[in-house]
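Q: Here you go, sequence then predicted model.
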Amino acid sequence: MNEIFDCQEIPNAHSGKRDGVRVMRSVPFKGEGSAQPEVLGEREWLVTNGLGGYASGTLLGSITRRYHGLLIAALPAPLGRVVMLNQLTEYLELSDHRRIELSSGLGFHESSESPGFASIAEFRLENGIPVWRYEIGGMVIEKKIFMVHGQNTTMTNYELVEGDERVRIKLFPHAQFRGHEASVERALAAEDYTLRAMRQGFEICAAATHPPLRMLVHGRDWSFSGGHTKVEKVFFRSEQQRGYEAFGELCSFGWFEGEVGRDEGMTLVASTEPWESIAAMAPHECYAAERLRRERLLLSAGVDDSDSVRAELVLAADQFVITPVDPNKEKGAVSAHTIIAGYHWFTDWGRDTMISLEGLTLLTGRHREARGILDVFSQHIHDGLIPNLFPEGENEGRYHTADATLWFFHALQRYLEITGDREFLRQLLPKLSDIVAHHLRGTRFGIGIDAQDSLLRQGQDGYQLTWMDAKVGDWVVTPRRGKAVEINALWYNALRLLAAWLEDEGQRSQAEEIGIWADKARESFNRRFWYSDDGYLFDVIDCDNESGKNDPACRPNQLIAVSLDYPILDPSRWRPVLEVVQKRLLTPYGLRSLAANHPDYQSRYFGDLRARDAAYHQGTVWAWLIGPYIDAWLKVFPDDRLGARNSLAAFADHLGESCIGTICEIFDGEPPFTPRGCISQAWSVAEVLRCWIKTTQQQKPETERPSEGIVPR
């Protein structure tokens with residue numbers, strides 16, 4: 001399908017100066033370049049609210065995931081994110097008494113007469129805000145969905161943009177209050193809900209632990225007609241494909257209706273905020289404020305009208321930088337920021353946050369947020385480790401990670417390079433020194449150096465401590481216990497960074513001591529990790545298993561030994577490693593997690609949880625790994641930015657696939673490289689954006705040829 005995207009600067013009507021950038025991506029539903037409905041039914045949209053809450057669904061309007069809904073509210077622990085409003089069934093009633101259904105969703109209506117369907121002409125993103133265009137005879141109606149930033153409020157707006165007659169719109173809200181991770185089968189019955197008429201609008205209430213869902217309409221002559229109805233056997237197709245319960249029940253409590261004419265729209269407001277806040281929201285003002293916020297994001301990131309891909313990625317990056325809901329925060333206090341690892345189901349993960357920090361915040365002009373994120377994680381250091389993740393609905397982190405803490409050093413270095421914030425470095429130095437001290441003497445989960453070779457080992461039965469962390473029950477799919485290649489690359493990089501920082505702050509003796517450990521680790525690494533039989537790096541040495549041997553699996557982890565600020569691998573071996581990775585692991589969408597000639601290789605990520613986790617790091621392609629690949633490429637070929645840029649070409653097209661305007665988590669290991677996993681992933685977006693910028697700066701003329709062999713397989 002041929003998606004159309006454009007990026008243009010908006011002139012200020014008063015000053016004549018350019019003060020905003022408008023980014024448009026169009027997905028045509030009809031005419032040349034359009035796709036079949038079944039394809040469009042697989043593609044998704046996503047909007048977020050800066051709290052971790054979101055709204056999401058398919059382009060056709062059907063709900064296929066447990067996570068789909070118009071309002072998934074981010075609520076204080078222990079609730080976490082809760083599905084509040086699942087779906088709207090939307091009808092137009094025309095002057096000739098015809099009834100037209102807009103959405104291809106539940107097909108619910110209160111009479112036995114079957115309605116007709118509106119023709120969907122187009123779906124598009126306007127600065128990341130989803131807009132649907134419907135054609136009915138000589139009329140065109142547009143619907144847009146957006147969330148109020150910093151609030152659990154979704155607004156669905158309808159406007160008549162072509163045609164002279166007025167139309168009446170009926171909206172049937174459907175609800176199923178539950179945690180967004182909860183099975184679609186385990187829902188409250190219709191009799192467990194209460195509908196209440198309030199002075200400002202209407203409330204749907206359930207268990208005392210859930211806030212009410214508050215709804216009202218802004219528009220002409222609107223009304224509400226009540227009545228409980230169950231919609232049974234709603235089919236969540238994606239859940240069936242993922243091996244989960246696929247049939248659920250939704251409840252309808254009546255319908256809103258109102259008139260829409262030219263220059264007179266109608267907006268449904270759905271919210272968990274207090275009535276006094278909702279009543280103060282004028283939809284047109286909220287929409288204008290959200291558009292202005294997005295335009296300022298683009299300007300702050302330095303985006304102009306010449307690079308629409310960069311602009312789209314900056315808007316996608318905004319979805320992940322959030323302020324978690326904190327009911328105990330004092331009024332006026334500065335809010336802490338964090339990074340959601342992926343939508344729909346991830347929370348904030350230490351590893352993902354540190355890898356994503358540069359692309360999501362530092363390269364988008366959000367330096368204050370970057371410092372806040374680093375500061376928050378530094379406050380949660382225990383036993384020399386930062387948290388691996390903060391689970392949904394919990395206040396305490398979990399620390400089972402060997403690499404997130406080492407990525408913290410990397411993220412801090414990138415922050416310092418861009419901001420020069422030495423005061424913050426001085427504040428963190430004691431904690432950084434303590435982290436290294438814990439690793440030198442040994443800390444939790446078997447993490448510590450081996451005194452014989454100064455390399456870092458890790459591993460404990462039942463835990464998955466590296467980024468290859470799939471686990472089903474007691475089965476750790478890729479345990480990698482021992483001395484993992486990227487862990488030691490990160491360890492060396494952290495030592496060198498700390499030594500340099502200590503030296504700069506006049507702590508020379510401590511810097512020299514750290515430098516000695518780094519020298520020993522580098523010598524041991526180059527002597528012990530080189531797999532001479534095939535000319536690349538072992539994935540793990542001194543494996544903590546029955547064999548105790550070294551693991552020669554060809555994986556992308558070895559690139560970290562080249563890509564970091566302080567590469568541990570000897571430069572003479574950079575090119576051989578890069579060539580092996582390029583030949584065996586490179587695809588148009590990132591790197592395979594395992595070479596195809598390995599007996600454990602899985603080409604497809606599909607099926608129930610066990611089947612998917614068995615493939616998660618055993619051949620599945622990871623988009624974020626394109627970052628280390630391009631970093632390594634530019635170290636081997638420093639003048640070939642055009643060649644590096646060619647490795648990103650497929651991502652520009654991917655922005656019009658899967659979830660429109662963003663980049664998914666993973667892809668199948670073989671053509672057609674079907675997108676899988678989370679529909680929008682932080683480190684995928686962050687690393688592609690970072691590398692897009694990196695390969696734009698001082699780019700070679702297009703007439704120059706890229707280095708031979710760059711095209712991914």
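A: Perfect, I can see it now. Numbering: from 1, shown residues only.
Q: buried stuff in the helix or strand hosting residue 368?
A: Residue 368 is part of helix 367-379 when elements are defined by DSSP states H and E. Of all the residues in helix 367-379, those buried under the rule 16 or more other Cβ atoms under 10 Å are 369-374, 376-378. Quick note: C-beta positions are derived from backbone N, CA and C, even for glycine.
Q: and which of these is nearest residue 209?
A: residue 376 (26.9 Å; Cβ to Cβ).
Q: give the contact list for residue 267.
A: Taking Cβ atoms under 8 Å, 6 or more residues apart in numbering as the contact definition, residue 267 lies against 155-158, 217-219, 283.
Q: Mind putting those into CSV with neighbour count, distance to residue 422 and pLDDT?
A: Below are the contacts of residue 267 laid out as CSV (neighbours: other Cβ atoms under 10 Å; distance: Cβ to Cβ, whole Å; pLDDT from 0 to 100):
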residue, neighbour count, distance to residue 422, pLDDT
155, 23, 44, 98
156, 23, 48, 97
157, 22, 48, 97
158, 23, 53, 96
217, 21, 54, 95
218, 17, 51, 94
219, 21, 55, 90
283, 20, 46, 96
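Q: tell me the residue furthest from the middle of this structure?
A: Here the centre of the chain is the reference, and by Cα atoms, centre = their mean the most remote residue is residue 96, at 45.7 Å.
Q: And whatever helix or strand comes next after the helix holding residue 368, what does it pack against?
A: Remark: after helix 367-379, the chain's next helix or strand is strand 389-390, criterion DSSP H and E. Counting contacts by 3 or more Cβ pairs under 8 Å, 6 or more residues apart in numbering; DSSP states H and E, strand 389-390 is packed against strand 348-349.
Q: Determine the next helix or strand in the C-terminal direction from the strand it packs on.
A: Downstream of strand 348-349, the first helix or strand assigned by DSSP H and E is helix 350-360.
Q: Mind checking the pLDDT average for that following helix?
A: Averaging pLDDT along helix 350-360 gives 97.
Q: How far does that helix sit from its chain's centre?
A: Relative to its chain's centre, helix 350-360 lies at 11 Å (Cα atoms, centre = their mean, to the nearest Å).
Q: Return the set of buried residues in that helix.
A: For helix 350-360, the neighbour count (16+ other Cβ under 10 Å) marks 350-360 as buried.
Q: what's the closest of those residues to residue 692?
A: For the buried residues of helix 350-360, the nearest to residue 692 is residue 359 (9.1 Å; Cβ to Cβ).
Q: For the nearest residue to residue 226 once chain neighbours are set aside, list the residues it contacts.
A: Leaving aside its sequence neighbours, residue 226 sits nearest to residue 254 (Cβ to Cβ, 6 or more residues apart in numbering; 3.9 Å). Applying Cβ under 8 Å, 6+ apart to residue 254 gives the contacts 172, 195, 224-227.
Q: Give the next helix or strand downstream of the longest strand along the chain.
A: Longest strand in the chain by number of residues (criterion: DSSP state E): strand 220-235. Moving toward the C-terminus from strand 220-235, the next helix or strand (DSSP H and E) is helix 237-241.
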